[in-house]
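> Sequence first, then the predicted structure, then my questions.
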Amino acid sequence: MKSRHRSLVTMGITSFLLIFSVLCMVILALLTFGSSHSDLTMSKRSIEQTTAYYHACCTATDLCRETEEELYQIRSTAAEEKDYYSNTASLCSLGFSWEEDSRMLTAEISYSDRQALHLELQVLYPQNPEDPVLEIHKWQTISTGEWNPDTRQPVYSSGLPS
């Protein structure tokens with residue numbers, strides 16, 4: 001009778017361990033699935049943001065190329081340096097703003113609701129046809145949205161618990 005009682009206890013313990021190990025594996029599988037799902041979501045957002053940034057860079061590169069071509073045309077028609085810089089204001093039609101004092105062209109190319117690519121280009125007067133007409137001073141991502149911190153959850157309370 002004792003040996004039969006021991007086999008039932010042994011069988012009960014192994015069944016319990018089997019159920020416990022299956023339950024642990026199911027819980028770990030669910031945690032892994034949740035983690036991988038959030039990683040996939042974050043990766044998709046990162047891909048979308050990176051793609052938008054590179055599209056903005058392509059747009060900015062095209063804009064710089066068009067501006068350079070326009071400046072070479074302006075240079076070929078301008079008799080003096082003064083005429084060259086006064087005609088540069090016509091580049092505002094390409095999307096730039098012109099600052100005559102600093103001789104800078106500035107533009108912002110928005111690529112998301114909260115970020116834009118900011119360009120600052122120095123306009124140069126070429127002495128020779130091979131000389132450059134533009135110099136890039138800034139090519140950077142800027143934040144265009146307003147940051148609103150989440151203050152819904154109190155982090156610190158001044159009173160001590162009684």
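Right, received. Where do you want to start? Numbers count the residues shown, from 1 in each chain.

> Pull up the gap between the residue nearest the centre of the chain and Ser90, please.
Centroid-nearest residue in the chain: Gln49, 5.0 Å away (criterion: CA atoms, centre = their mean). Per CB to CB, to the nearest Å, Gln49 is found 35 Å from Ser90. Every C-beta, even on glycine, is put in place using the N, C-alpha and C of the backbone.

> Check Asp62 too.
Here Asp62 is placed at a distance of 18 Å from Ser90 (CB to CB).

> just the strands in this structure please.
Secondary structure of the chain, counting by DSSP state E: strands at 97-99, 104-110, 115-123, 134-143.

> for those strands, which one sits closest to Met42?
Comparison of those against Met42 by CB to CB identifies strand 115-123 as nearest, at 17.2 Å.

> Name every strand pairing with the closest one and say which way it goes.
Here strand 115-123 is paired, per DSSP bridges, with strand 104-110 (antiparallel), strand 134-143 (antiparallel).

> So what touches the shortest one?
Counting by CB atoms under 8 Å, 6 or more residues apart in numbering, strand 104-110 makes contact with 56, 59-60, 63, 67, 88, 91, 95-99, 116-123, 134, 137, 142, 144, all of which sit outside it.

> can you tell me the average pLDDT over it?
Strand 104-110 shows a mean pLDDT of 92.
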